[in-house]
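K.L.:
attaching a predicted model along with its sequence, questions to come.
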Amino acid sequence: MTVLERAERALVKVAEVLSGGKLVEVSAVHISGVSYLTIRDAGLHFLEELAESGARFRVPATVNPAGVDPLHLSPELRETLPHDFVEKQCRILHALEKLGAELTLTCTPYLYRDFRNQVVAWGESSAVIYGNTVLGLRTDRWGGPLTVLAAVVGKVPETKLYRDEGRYPTHVVEVRVGQRYPWSLVGYCIGTVLRSGTPYLKLRGVPQGRELRNFLAALATPSNINRCVLPGLTPDLVEPRGRVPEVVITEEDLRRICEDLELREEPDCIALGCPHYSYEDLREILSILVRLGSRVRYPVLVFVSRVLYQRLLQEEKVLLEKLRKYGVDVVSGTCIVVSPLCESLGYRHVLTDSAKAAHYLRTLHRCRSSVTDLETCLRVATGAVRPW
């Protein structure tokens, strides 16, 4: 039996459980679970053995953030991070590249390619909910190994989110929360309350750009929600079929759920870019720092894709240099969640604008975390405010 036949057989077995044996062809795959921090030796050996077997990807495959980006690792971090970790991360990326993956090293592949209205197999929760909600994509949330098999075969089980009947709203959710709260915390509260389904969201305002990405990423983090409906943004199947349950979320819910994410003590570090920041977000950081007129007093790490970082090196190096003058480090191809930076650099309390990052800092790294908006993060970083 060939590698392709074994991969197809494995997918059929999964489909028998999830979709009555039905498979659907996909036009692209986004592979999650590529950091050595999360897949360890078992995942490394799986990828290396698959690459050595002669298997190759049938469809275009982009790749999630790694534990480090070895192409753009500063000398300081190279000395600080465990050498064994860096070496094994390099082997993971080499195996993926040999299989045919494009090493984008990002959780926001949709910022660099037009995927609208495609049938895909994505494995990153924040990308899955963004694609299903905003881009008209059809994808479920797949685990890392299954995305690799999907890239080899070009198919996945045809679960509900690939069919019309699985995409209609299952709840109508009225969110009675004022806009003084960061959108990321609002999303985290909604996900914690609902846990599952496809909510039709009635919000006080609609987040845009980075705040929309943060909102949806946070909503998916404590839940199994992979699509929601935002009137005016969601392009397909937006109206509920018949009567569905109605849920009201209040400021009291948000305070109860997010109370321990408030900034109450001095942070060791400010981490931004979970999901990854865009070029426009970097410009916004610079604009805020220019207005504040001060260098940062705490480490500020901003995480971006390898794609964007390489563009900055080639075309926008001045922007990187200006940010460095203010003390901001732009970090390629990883994030605070899937890297060992907290442990290696001794961070015990991280301030972020991402409830997703805050959640996983606590569960994966046992690191205290607080959440606020971007402007407040930078005002804390420069010493303009001290809320604790």
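P.N.:
Perfect, thanks for sending it.

K.L.:
in the helix or strand where Ala95 lies, what counts as buried?
P.N.:
Here Ala95, judged by DSSP states H and E, is contained in helix 83-99. For helix 83-99, burial by neighbour count (16 or more other CB atoms under 10 Å) applies to Phe85, Val86, Lys88, Gln89, Ile92, Leu93, Ala95, Leu96, Leu99. For every residue, glycine as well, the C-beta is placed using N, CA and C.

K.L.:
same question for stretch 65-80.
P.N.:
Pro65, Ala66, Gly67, Val68, Asp69, Pro70, His72, Leu73, Leu77.

K.L.:
got the CA positions of it in CSV?
P.N.:
This file holds the C-alpha atoms of stretch 65-80, laid out as CSV (Å, rounded to 0.1, in the frame of the first residue of the first chain):
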residue,chain,number,x,y,z
PRO,A,65,3.6,29.9,13.5
ALA,A,66,6.5,27.8,14.6
GLY,A,67,8.3,27.8,18.0
VAL,A,68,10.9,30.0,16.4
ASP,A,69,11.6,31.3,12.9
PRO,A,70,15.2,30.1,12.4
LEU,A,71,15.7,32.3,9.4
HIS,A,72,15.1,35.5,11.4
LEU,A,73,16.3,34.6,14.9
SER,A,74,18.2,37.4,16.6
PRO,A,75,21.6,36.5,18.1
GLU,A,76,20.3,37.3,21.5
LEU,A,77,17.4,34.9,21.2
ARG,A,78,19.6,32.3,19.6
GLU,A,79,21.8,32.3,22.7
THR,A,80,18.8,32.4,25.1
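
K.L.:
which other residues reach that stretch?
P.N.:
Stretch 65-80 is contacted from outside by 34-37, 81, 85-86, 89-90, 92-93, 105-107, 276, 303, 305-306, 309-310, 329, 331-335, 338-341, 344-345, using CB atoms under 8 Å, 6 or more residues apart in numbering.

K.L.:
at 6 Å what do you get?
P.N.:
Outside stretch 65-80, the residues within contact range by CB atoms under 6 Å, 6 or more residues apart in numbering are 34-37, 86, 89-90, 105, 107, 306, 309, 332-335, 338-339, 344.

K.L.:
again, but for stretch 330-338
P.N.:
35, 37, 65-69, 72, 105, 271, 274, 301-304, 306, 309, 320, 357, 360.

K.L.:
straight-line length of it, end to end?
P.N.:
16 Å (CA to CA, to the nearest Å).
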